[in-house]
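J.: Turn this into a structure:
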Amino acid sequence: MEELTADTITLEVLQEARETVTRSPLGVINTPMIPWCQTTLPLPQPCNVYLKLENMQKTGSFKLRGVANQFSRRPKAGHFVTMSAGNYGKSFAYASKHYGTKGKVVMPDTAPISRSLLIQTFGIEVERVPTSRVLNVVDRCVQEDNMTFMHSYNDPDLIAGHASLGFEILEVVPDPDVVVVCCGGGGLLAGVAASLKLSGCEKTRIYGVEPDGACTMYRSFIEKKPVGMDSKSIASGLAPPFAGALPYALCRKYVAEIVLVTEEEIKSAVSTLYNTGLVVEPSGCAAFAALVNGKIPDVTGKKVVVILSGGNIGKDELANFPD
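T.: This is a model prediction of the structure:
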């Protein structure tokens, strides 16, 4: 297999993927981007902030963008396997049902059980295992059951699909000073960063945000190579076992810094957003948590875009957050 580097992700590749995502029969939508001043949220620092509402995307998260591009480039038959804590699995299952393909999601047993049950409603098999065994089970499915692995973040087609979000940002704010993006395996961060920088936003500072208990990309930046760890966080979608090699390469090239937020900051962000009418899951509000807790430097007077990346959170989960 050809080795993939950051240079293989070109503006032409990303623009082609955007057209694919826009035309996809899966119904990906151009989600709203609203000024902070149109909400009742308190603004901790005087800056011009926009919220990109991917929590309103079909299937409830940005993941459908990458999935739409992935499935457009895969055979419309076969048996696919993936790994996911929930959001990618939901979009994968939705696409599998649409195209009539068979699929299986290997899920860490730390993910909410409600996510597993939801994925199964699409006719997709779910196998819950300890996080440390997720990759082993995927390998077993590939080798013993002849399934094709569809990666949930370390995949060029997926990353190119996610880049469509970056192009949408530029339609509303052509020259953002700062863009803040959550980071799990790094697929969304890599795609958004590449689309912005390759579109000519040379001065835009892009920040990735991870939970401090699941900081694989942060550690990868320090060690200068993609690394893994025993990731644990209430933001299960941001807690993969390792950073993706291709996302890492793109983030090193285009991202200014990876910043960390605590579990309490994430919980508080979920509650704050919910109390102003925005339903955002823990994984989806990491970027917001970073901004309101002063983790993003030099934003005073700047145009700042914050991505709320997902809203898949059940009533049972919301009950665990403070008012």
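
J.: is Val304 in a bridge, and if so with what?
T.: Under DSSP bridges, the beta-bridge partners of Val304 are Val49, Val178.

J.: ok, now which ones touch it?
T.: Val304 is in contact with 47-50, 176-180, 291, 296, counting by CB atoms under 8 Å, 6 or more residues apart in numbering. Placement of C-beta: from N, CA and C, glycine included.

J.: again with Val49
T.: Per CB under 8 Å, 6+ apart, neighbours of Val49: 35-36, 43, 291, 304-306.

J.: Is there a quick ChimeraX command that grabs whichever of those residues are buried?
T.: Written as a ChimeraX command, the selection of buried residues from the contacts of Val49, which uses 16 or more other CB atoms under 10 Å, is:
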select :36,291,304,305,306
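
J.: mind listing which of the contacts of Val49 are in helices?
T.: Using DSSP state H, Leu291 are the members of the contacts of Val49 that sit in helices.

J.: Just give me the least confident of the contacts of Val49.
T.: In terms of pLDDT, the lowest of the contacts of Val49 is Leu43, showing 76.

J.: so who does it touch?
T.: The contact partners of Leu43, taken as CB under 8 Å, 6+ apart, are 36-37, 49.

J.: Closest to Gly284 out of the contacts of Val49?
T.: Among the contacts of Val49, Val306 lies closest to Gly284 (CB to CB), at 10.8 Å.

J.: Could I get the contacting residues of that closest one?
T.: Under the criterion of CB under 8 Å, 6+ apart, the contact list for Val306 reads 49-52, 180, 287-288, 291.

J.: Same check on Lys104?
T.: The contact partners of Lys104, taken as CB under 8 Å, 6+ apart, are 79-82, 124-127, 141, 147.

J.: okay, now Gly27: neighbour count?
T.: Neighbours of Gly27 under the rule other CB atoms under 10 Å: 12.

J.: Could you tell me the model confidence score at it?
T.: What the model reports as pLDDT for Gly27 is 96.

J.: from what I can see, it looks like it's in a helix, true?
T.: No: counting by DSSP: H, G, I helix; E, B strand; the rest coil, one finds Gly27 to be coil, located in no helix.

J.: Pull the contacting residues for the closest residue to it other than its chain neighbours.
T.: Leaving aside its sequence neighbours, Gly27 sits nearest to Lys58 (CB to CB, 6 or more residues apart in numbering; 5.3 Å). Under the criterion of CB under 8 Å, 6+ apart, the contact partners of Lys58 comprise 26-29, 64, 94.

J.: Mind checking the pLDDT average for stretch 78-98?
T.: If you average the pLDDT values across stretch 78-98, you get 93.

J.: Could you export it as PDB, CA atoms only?
T.: The C-alpha trace of stretch 78-98 is given here as PDB (Å, rounded to 0.1, in the frame of the first residue of the first chain):
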ATOM      1  CA  GLY A  78     -19.000  -6.400   1.000                       C
ATOM      2  CA  HIS A  79     -18.600  -6.700   4.700                       C
ATOM      3  CA  PHE A  80     -17.000  -3.800   6.500                       C
ATOM      4  CA  VAL A  81     -15.700  -3.500  10.000                       C
ATOM      5  CA  THR A  82     -14.800  -0.300  12.000                       C
ATOM      6  CA  MET A  83     -14.000   0.900  15.500                       C
ATOM      7  CA  SER A  84     -15.900   3.700  17.200                       C
ATOM      8  CA  ALA A  85     -17.000   5.000  20.500                       C
ATOM      9  CA  GLY A  86     -20.300   6.100  18.900                       C
ATOM     10  CA  ASN A  87     -20.500   9.000  16.400                       C
ATOM     11  CA  TYR A  88     -18.500   7.400  13.600                       C
ATOM     12  CA  GLY A  89     -20.300   4.100  14.200                       C
ATOM     13  CA  LYS A  90     -23.700   5.800  13.900                       C
ATOM     14  CA  SER A  91     -22.800   7.500  10.600                       C
ATOM     15  CA  PHE A  92     -21.100   4.200   9.400                       C
ATOM     16  CA  ALA A  93     -24.300   2.300  10.300                       C
ATOM     17  CA  TYR A  94     -26.500   4.900   8.600                       C
ATOM     18  CA  ALA A  95     -24.500   4.700   5.400                       C
ATOM     19  CA  SER A  96     -24.400   0.900   5.500                       C
ATOM     20  CA  LYS A  97     -28.200   0.800   5.700                       C
ATOM     21  CA  HIS A  98     -28.500   3.200   2.800                       C
END
